[in-house]
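[1] sequence and predicted structure, then a few things I'm wondering about:
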Amino acid sequence: MKDPYGVLGLEADASEEQLRAKYEELKTQYSEQRFRSGAEGNEGARKLSELESAWAMISADLDKKKAQETFGDGDYGYIDDLIKKGNYDEAQGKLDEISNRTAQWHYLQSIIFYKREWLSDSRKQLALAVEMEPHNDKYKSALEKLDLVMGNPQADPRTIGVDPMQPPPVQQQPEGQVCGGNMLSNCCLAYCLTDCCCSMTRCCG
């Protein structure tokens, strides 16, 4: 595979605007050329395929740069972005490549385990993060909320890692009746799970 930036005829340090504009220009050119007859049409189709492959690689580079600029901390920002997109295998691979395992490393590892519903492993990693940075309120708060979820005998592991905007459904109550007894516990659990999910998916800014 050729250098993706070379396919566009630009350098790797070109701005996103320059890259995108050149991509659109070449895409239009090759899209028209591929409908011509003979060798010229075949060449247009080949160049268009090469262009699309190059742009996919460039887009990945642009996403990584944006994540680093937004979240900072080098690879940690990129890993956080992967987790938020649900790319847990890729995020785990990137974490495994980091030898200097800081508190933030353990925090991100705990989130991946949490999303995979491995709560005990998640807690171990989160506890290490707190031990390394005992004054980090975010880590401590996340650990407290995870303990709350794990300590509730009514907690359903299947609800861990689901979209926090879609809380678990509660049973339909007779008209005019409010939560009480076990139902009150379930209502509180749903709130705690939602709050915990929101907290665990936020990374250091």
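    That came in fine, so what should we check first?

[2] quick one: low-confidence parts of this protein?
    In the prediction, the chain carries residues with pLDDT under 70 at positions 1, 66-74, 152-205.

[3] phi, psi of R36?
    Geometry field for R36 lists phi and psi as phi -80, psi 160, criterion degrees, to the nearest 10.

[4] OK, contacts around it?
    The neighbourhood of R36, defined by C-beta atoms under 8 Å, 6 or more residues apart in numbering, consists of G44. Yep, even glycine has a C-beta here, placed from its N, CA and C like the rest.

[5] check the spacing between it and N42 real quick.
    In this structure, R36 and N42 are separated by 9 Å, where distance is defined by C-beta to C-beta, to the nearest Å.

[6] same question, S141
    Distance, S141 to N42, by C-beta to C-beta: 61 Å.

[7] then Q18?
    The gap separating Q18 from N42 is 29 Å, by C-beta to C-beta.

[8] likewise K124?
    58 Å.

[9] what ranges do the helices span in the protein?
    Remark: helices assigned in the chain by DSSP state H are 4-8, 16-33, 38-71, 75-84, 88-96, 103-115, 119-132, 137-150, 182-200.

[10] can you pull the buried residues of the shortest one?
    By neighbour count on 16 or more other C-beta atoms under 10 Å, the buried set for helix 4-8 is P4, Y5, V7, L8.

[11] can you get me a residue count around the closest residue to the last one other than its chain neighbours?
    Going back to what we said before, that points to L8. In space, and not counting its chain neighbours, L8 is closest to K22: 4.7 Å by C-beta to C-beta, 6 or more residues apart in numbering. Burial of K22 is recorded as 18 neighbouring residues (other C-beta atoms under 10 Å).
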